[in-house]
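Engineer: whatever this is, show me its structure:
(one chain, ligands or ions: 1)
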Amino acid sequence: MRDKLQLRCTTCKEENYIYKKNKSIHPEKLKINKYCWKCNTKTAHEEKKK
Ligand SMILES: [Zn+2]
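Structural biologist: Okay, the predicted model is just below:
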């Protein structure tokens with residue numbers, strides 16, 4: 001089973017990416033550096049639970 005999560009920029013709080021992950025394999029909170037269009041740079045993105 002896979003859950004759809006939104007990856008949110010921790011700087012501007014914009015939801016930039018949709019991410020699918022298997023919670024039974026990766027129960028930990030995801031945090032990755034991704035490009036943010038709003039900030040116009042790479043920022044830390046955190047998953048947001050729906
Ligand atoms: Zn941003």
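
Engineer: how many residues are close by residue 24?
Structural biologist: 9 (other CB atoms under 10 Å). For glycine as for every other residue, the C-beta is placed from the backbone atoms N, C-alpha and C.

Engineer: from the ion, how far out is it?
Structural biologist: 30 Å (CB to the ion, to the nearest Å).

Engineer: quick one: secondary structure of that residue?
Structural biologist: Per DSSP: H, G, I helix; E, B strand; the rest coil, the local secondary structure of residue 24 is coil.

Engineer: distance of it from residue 3?
Structural biologist: 10 Å (CB to CB, to the nearest Å).

Engineer: what strand or helix carries the closest residue to residue 11 other than its chain neighbours?
Structural biologist: Ranked by CB to CB, 6 or more residues apart in numbering and with sequence neighbours excluded, the top spatial neighbour of residue 11 is residue 43, at 4.7 Å. Using DSSP states H and E, residue 43 falls within strand 41-48.

Engineer: in CSV, please show the C-alpha coordinates belonging to that strand.
Structural biologist: Output of strand 41-48 as CSV, limited to C-alpha atoms (Å, rounded to 0.1, in the frame of the first residue of the first chain):
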residue,chain,number,x,y,z
THR,A,41,16.4,28.0,-4.9
LYS,A,42,16.9,24.6,-3.3
THR,A,43,15.2,24.3,0.0
ALA,A,44,14.4,21.7,2.5
HIS,A,45,11.1,20.0,1.8
GLU,A,46,9.1,18.1,4.4
GLU,A,47,6.3,15.7,3.9
LYS,A,48,2.9,16.9,4.8
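
Engineer: that concludes my questions; thank you for your assistance.
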